[in-house]
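Chemist: Quick one: sequence and predicted model below, then my questions.
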Amino acid sequence: MGAVYGKEGSPKQDSPEEEPDPNNGLLLNEFYLPPEVLAHILSYLQPILNGRRVCKVWRDIIDTVVWREKVLREVPGATTTLFQHKELKWPDFYHLWLNKPHEKNLIRNGSAEEFEHWSARPNTFGGSNGSKWKIEKKPIGCDPFPAGIKRCFVTSYDWCSAEQVINLFDCGLSPNFMKYVRPDIHIEEWYAGRFDCGFRYCLKVTLLNRFLEAVDDFVFETTGHTSAWAKVEHVFSNYDQEVSSILFHHKGKDTQFWAGHYGCKVTGAKVFVTLPGLEDKGSC
């Protein structure tokens, strides 16, 4: 092979490349830790991502065994079924663990805590005239709220329409996770009319891919003249394509064109996912 010259111009003899120590990363204070023991210890490390930078052994253990242990221990509803999907990588499990979407209502402000997080088209939130949305803290002209609900949105004599887009990656559901796991997506909302006026109510929920193209949708429309609360529910399952976001759109009005807010009332909007092998619902 020949000599190699250093900075001073003096020759240095080639030396054979050293073999990496197979125990590197498994020796702590000269004590050897089996990989499964080290993985259990690292699963309690905070912040866990910093551990990946220590050495290759730690990185490989964290990317495989540690994330499995953390997800099964700390993500409600997670089962070993998730790890049958070999296409899922550590970032998919990291986002699932970080956000824990199973225990959350992915709709923000589903029960009329002011008007935040909803987009009205046209802008019909607030105000005193009869064409805009209103919030009731006590339901007027209808039965008491369902258990756990304290407010509702109220519509008027013309269509009051509002929508919300849920970015699933922001919620902890990566594109890879949605493509291969395809968790069931549950939607629900309460609606009611008044004893003295008819109403119309429409709910449309659309699953969108990353190009914002519709993958699947659910539409519910009804006309009524009742003061009782009813709940509309639907479950999306076995959808054919990757789902990246969800468009939740609802609208309503009265049927008698009365000035004021005599149209349908809506509240308790929810969107949540259930992981494979589990059926219980996420909390609000």
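Modeler: Noted; the coordinates are in hand.
Chemist: Could you use CA atoms for every contact and neighbour count after this?
Modeler: OK.
Chemist: Doesn't residue 96 lie inside a helix?
Modeler: Yes: remark: residue 96 belongs to a helix, assigned using DSSP: H, G, I helix; E, B strand; the rest coil.
Chemist: what's near enough to touch the residue nearest to it when sequence neighbours are not counted?
Modeler: Using C-alpha to C-alpha, 6 or more residues apart in numbering and skipping residues adjacent in sequence, the residue nearest residue 96 is residue 172, 4.8 Å away. Applying C-alpha atoms under 8 Å, 6 or more residues apart in numbering to residue 172 gives the contacts 95, 96, 97, 98, 99, 100, 101.
Chemist: hmm, 6 Å instead?
Modeler: Contacts for residue 172 (C-alpha atoms under 6 Å, 6 or more residues apart in numbering) come out as 95, 96, 99, 101.
Chemist: Residue 67 too?
Modeler: For residue 67, the contact set (C-alpha under 6 Å, 6+ apart) is empty.
Chemist: quick one: which of the contacts of residue 172 is most hemmed in?
Modeler: Of all the contacts of residue 172, residue 101 has the most neighbours under the rule other C-alpha atoms under 10 Å, reaching 23 neighbours.
Chemist: and it, how far is that from residue 274?
Modeler: Using C-alpha to C-alpha, to the nearest Å, residue 101 is found at 9 Å from residue 274.
Chemist: Kindly report the same for residue 195.
Modeler: Distance from residue 195 to residue 274, by C-alpha to C-alpha: 37 Å.
Chemist: Of these two, give the one with the bigger neighbour count.
Modeler: residue 274 (21 against 15).
Chemist: what's the following helix or strand after whatever helix or strand residue 93 lives in?
Modeler: Here residue 93 sits within helix 90-99, counting by DSSP states H and E. Using DSSP H and E, the helix or strand that follows helix 90-99 towards the C-terminus is strand 119-120.
Chemist: Quick one: list the elements packing against the helix or strand that comes right after that next one.
Modeler: Reading on from strand 119-120 to the C-terminus, the next helix or strand found by DSSP H and E is strand 134-136. Strand 134-136 makes packing contacts with strand 152-154 when contacts are defined by 3 or more C-alpha pairs under 6 Å, 6 or more residues apart in numbering; DSSP states H and E.
Chemist: Pairing partners for the helix or strand following the strand it packs on, with directions?
Modeler: Counting by DSSP H and E, the next helix or strand C-terminal to strand 152-154 is strand 160-167. Looking at strand 160-167 with DSSP bridges, its partner strands are strand 119-120 (antiparallel), strand 245-254 (antiparallel).
Chemist: where does the shortest one sit relative to the chain's centre, distance-wise?
Modeler: Here the centre of strand 119-120 is set off from its chain's centre by 20 Å, with C-alpha atoms, centre = their mean, to the nearest Å.
Chemist: Average pLDDT for it, rounded please.
Modeler: Mean pLDDT, strand 119-120: 84.
Chemist: my read: residue 236 touches residue 185, true?
Modeler: Yes: Residue 236 lies in contact with residue 185 (C-alpha atoms under 6 Å); the separation is 5.0 Å.
Chemist: show me what contacts the residue lying closest to residue 135 once chain neighbours are set aside?
Modeler: Leaving aside its chain neighbours, residue 135 sits nearest to residue 153 (4.7 Å; criterion: C-alpha to C-alpha, 6+ apart). By C-alpha under 6 Å, 6+ apart, the contact set of residue 153 is 112, 134, 135, 265, 266.
Chemist: if we can go back for a sec, where's the residue nearest to residue 96 relative to residue 93, distance?
Modeler: Noted for residue 172: a distance of 9 Å to residue 93, by C-alpha to C-alpha.
Chemist: Could you check how many residues crowd around residue 217?
Modeler: Applying other C-alpha under 10 Å, we find 14 residues neighbouring residue 217.
Chemist: Could you spell out the sheet neighbours of the helix or strand containing it, each with its direction?
Modeler: Residue 217 is part of strand 214-224 when elements are defined by DSSP H and E. Strand 214-224 has the following strand partners under DSSP bridges: strand 199-208 (antiparallel).
Chemist: residues touching the spatially most central residue of the chain, list them.
Modeler: By C-alpha atoms, centre = their mean, the chain has its centre lying nearest to residue 171, at 3.5 Å. Listed by C-alpha under 6 Å, 6+ apart, the contact set of residue 171 reads residue 101.
Chemist: count of neighbours near the spatially closest residue to residue 247 that is not a sequence neighbour?
Modeler: Of all residues not flanking residue 247 in the chain, residue 165 sits nearest, at 4.6 Å (C-alpha to C-alpha, 6+ apart). Using other C-alpha under 10 Å, residue 165 is surrounded by 20 other residues.
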